[in-house]
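Peer 1: My questions are about this predicted structure, shown below with the sequence.
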Amino acid sequence: MQTKKGDRAGGAFRFYRLVWRLLAPIALVFNVWQAVRAGDSRLFWQRFGLSLPSGDDAPIWLHAASVGELIAALPLVSALRQQFPQLPLVVTTVTPTGARVAAERLPPEVQHCYLPMDLPGATKRFARALKPRAALIMETELWPMLFSRMAEAGIPLIIVNGRLSRRTLDTHDWVKKLYASCLQSVTRVLARSEADAEAYRRLGMPAERVETLGNVKFSSVPGRREIVPVDFRRSFVLAASTHEDEEYRLADHWRRIEHGEYLLVIAPRHPERREVILRRLRPLSLNIAVRSRDDPVTASTDIYLIDTLGELEHFMASAMLVFVGGSLVARGGHNVLEPARLGKAVLFGPWMDNFGEESRLLLEAGAACQVADATSLGDVLEWMLSRPEKVEAMGRVARHVVEKQGEVLHRYLDAIIRYCELDRD
């Protein structure tokens, strides 16, 4: 007999299917617009489960929704390729930006396609075409219909580097019931922290199927590509992955503090916001150079705006220190480990929910600074700029913190092999 809890979860799932069916025409139009804008017809077809790679070679399927998750998955992709060179690997993303980064960063033998929308027909066509032997879902993605398809086909589905935001846990009850139902299709949750593991248990994942392995983002990519230094003939501070309003706050503080010969380099999370950012900063009367325009950096340049893709790591490696965006506004922050791995001191704001454990480790080690609000940002920036030796030492500590976590990748690889029953031979 079905329990009341099961009835409620089933009701949430049926409501979810109904909502998706009603939204399908809107999704159709949106996908056309995205595909035309990106110049990639695959986006349209594959989001509906069409024109997908197919065959009988049973690939390992790995999904990374965002660029950050894709970059975090690169060490795992390399480890899987090294351990199982005979097994094909397919990586899915959602956005055109993710597809571009996949083309740039994934090994040539790894196939990429777009994740289908969570519609009955699209997910059925995806599962039928791909026939994966195992599904690896990075971090936070929960797709009820797609997960159900994997469970029906008996395909092991592992959530890798699992994390859940406070927003997910505080959502409507019917959504939480839907997530709980979705998690029943998951073979294992490999969480990045005990707090995340407990969050999955609270959401409905059976406790015996959740374990904490650490953050795979601590891992580095074997044989990573060469990082070419950026030389402006001026030292600079990098503000990485900034969001709306952060650029203005940073620029406003920059013009008020004593920053000497230092340059402020801003790399927005979404480079297509360039014109919006420039309009927002215009009243500050700053001299702003833009990378896509090949504007030169001169002695009078105040800010350099990076509105291109695929170069952030080079700027990060060359910066004096790195401010991590999404932290002065309620976005939960971005990956603090990327600059730390490159030996850079890290500065961020109060909103670091997405990387709470990582930021805590760096703060406790003295490798990072956190400001309580935007008002104190200028004072802390000025303090750090006046102490370059101290900031350099913080960067060395940051690199050491990351290197100490180097075993995380091996733990994930062993768990995936075990739960997906992959044959090392």
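Peer 2: In hand now; what should we look at?
Peer 1: Name the nearest residue to the residue most central in space within the chain, sequence neighbours excluded.
Peer 2: Closest residue to the average C-alpha location of the chain: residue 68 at 2.4 Å, with C-alpha atoms, centre = their mean. Nearest residue to residue 68, sequence neighbours excluded (C-beta to C-beta, 6 or more residues apart in numbering): residue 335, at 5.7 Å. Heads up, the C-betas are built off the backbone N, CA and C, glycines and all.
Peer 1: any idea how far residue 412 is from residue 195?
Peer 2: Distance, residue 195 to residue 412, by C-beta to C-beta, to the nearest Å: 18 Å.
Peer 1: Those two - which one has more neighbours?
Peer 2: residue 412 (25 against 13; other C-beta atoms under 10 Å).
Peer 1: ok, then the element right after the longest helix along the chain?
Peer 2: Scanning the chain for the longest helix, with DSSP state H as the assignment, gives helix 4-38. For helix 4-38, the following helix or strand on the C-terminal side (DSSP states H and E) is helix 41-47.
Peer 1: That next one: which residues count as buried?
Peer 2: The neighbour-count check on helix 41-47 (16 or more other C-beta atoms under 10 Å) flags 42, 43, 44, 45, 46, 47 as buried.
Peer 1: got the contact list for the fifth one?
Peer 2: Counting by C-beta atoms under 8 Å, 6 or more residues apart in numbering, residue 46 touches 52, 113, 114, 115, 116.
Peer 1: Now that we're looking at the fourth one, what pLDDT does it have?
Peer 2: Just to be clear, that refers to residue 115. pLDDT for residue 115: 95.
Peer 1: Of the buried residues of helix 41-47, which pair is most distant in space?
Peer 2: 42 and 47 (8.9 Å; C-beta to C-beta).
Peer 1: low pLDDT regions in the chain?
Peer 2: Applying pLDDT under 70 to the chain flags residues 1-10, 220-225, 424-425.
Peer 1: Now do the strands in it.
Peer 2: 60-63, 89-93, 111-114, 134-138, 157-162, 188-191, 210-212, 236-242, 263-268, 288-290, 303-305, 321-324, 346-348, 368-370 (DSSP state E).
Peer 1: what would the ones you listed look like in a markdown table with distance to residue 101?
Peer 2: Shown next, in a markdown table, are these (distance: least, C-beta to C-beta, whole Å):
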| stretch | distance to residue 101 |
| --- | --- |
| strand 60-63 | 14 |
| strand 89-93 | 8 |
| strand 111-114 | 10 |
| strand 134-138 | 13 |
| strand 157-162 | 17 |
| strand 188-191 | 23 |
| strand 210-212 | 28 |
| strand 236-242 | 13 |
| strand 263-268 | 14 |
| strand 288-290 | 21 |
| strand 303-305 | 20 |
| strand 321-324 | 18 |
| strand 346-348 | 22 |
| strand 368-370 | 26 |
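Peer 1: what's the closest of those to residue 376?
Peer 2: Short answer: strand 368-370, nearest of the strands of the chain by C-beta to C-beta, at 9.8 Å.
Peer 1: Parallel or antiparallel, list what pairs with the closest one.
Peer 2: strand 346-348 (parallel) (DSSP bridges).
Peer 1: on that earlier part again, show me what the longest helix of the chain packs onto, helices and strands only.
Peer 2: helix 41-47, helix 96-105, helix 144-152, helix 173-183 (3 or more C-beta pairs under 8 Å, 6 or more residues apart in numbering; DSSP states H and E).
Peer 1: what comes up buried for the second one?
Peer 2: Judged by neighbour count (16+ other C-beta under 10 Å), helix 96-105 contains these buried residues: 96, 97, 98, 99, 100, 101, 102, 105.
Peer 1: I figured the fourth one was touching residue 111, is that so?
Peer 2: No: at 11.8 Å, residue 99 does not count as touching residue 111 under the criterion of C-beta atoms under 8 Å.
Peer 1: any idea how far the closest residue to residue 409 other than its chain neighbours is from residue 242?
Peer 2: In space, and not counting its chain neighbours, residue 409 is closest to residue 219: 3.8 Å by C-beta to C-beta, 6+ apart. Remark: distance between residue 219 and residue 242 (C-beta to C-beta) = 26 Å.
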